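**Q** I'd like to go over a predicted model; first the sequence, then the structure.
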Amino acid sequence: MKFQYKSARQQQGIDLTPLMDVMFIILIFFMVAATFELNRTIRLSLPKSLSGESKISKDKILIEVGPDGEISLNGEVMHLSQLSEQIQQIEHYAESTVYILGDENADYRYIVEVIDVLKVLSVNDISLVTDDKEGF
């Protein structure tokens, strides 16, 4: 009786290793390229600008000023008189960047009042957030 030996093991199915590599690279690409929308409390229509700040860092102090003067600090709606007290409760607030999102229809005085509070608290790094404007 003659026995047949298979010298190499026959491959059954499809090798998924290259597919997994490609999927992993695509996943990394989308994780790096994704932009995350801010969790806004007040519905705002930001003004458009060529030079304004449109990218907000992860560690942030975010102040929103609505068209009627309503103020929100990191998602918590409050009155202007409470703003100073609430900012002081944030650790290292004086060294942090404060981003102000002001509605394009908000009175200028509301923005100035918020900036005044920040200056009294010795916050020097203040950025006004805008939407990007195309061309000149």
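**A** Everything's here; your move. Numbers count the residues shown, from 1 in each chain.
**Q** show me where this structure has strands.
**A** Using DSSP state E, the strands of the chain run over 48-49, 61-65, 71-73, 76-78, 98-102, 126-128, 131-132.
**Q** Can you say which of these is nearest to residue 21?
**A** Shortest distance between residue 21 and those, using CB to CB, is found for strand 131-132: 35.2 Å. For every residue, glycine as well, the C-beta is placed using N, CA and C.
**Q** Within its sheet, name the partner strands of the closest one and how each one runs.
**A** Partners of strand 131-132 in the sheet, by DSSP bridges, are strand 48-49 (parallel).
**Q** For the partner strand, the averaged confidence score.
**A** Strand 48-49 carries an average pLDDT of 64.
**Q** and what of stretch 105-124?
**A** For stretch 105-124, the mean per-residue pLDDT is 89.
**Q** Now find how far off-centre it is within its chain.
**A** On the basis of CA atoms, centre = their mean, to the nearest Å, stretch 105-124 sits 21 Å off its chain's mean C-alpha point.
**Q** can you pull the buried residues of it?
**A** Neighbour-count burial for stretch 105-124 flags 106, 110, 111, 113, 114, 115, 117, 118, 123 (criterion: 16 or more other CB atoms under 10 Å).
**Q** what's the closest non-adjacent residue to the fourth one?
**A** Taking CB to CB, 6 or more residues apart in numbering as the measure, residue 113 lies nearest to residue 80, with 5.8 Å between them; neighbours along the chain are not counted.
**Q** Am I right that the one you found is in contact with residue 116?
**A** No - using CB atoms under 8 Å, residue 80 is not in contact with residue 116, being 9.5 Å away.
**Q** need the contact list for the residue nearest to residue 113.
**A** Applying CB atoms under 8 Å, 6 or more residues apart in numbering to residue 80 gives the contacts 69, 71, 113, 114, 117.
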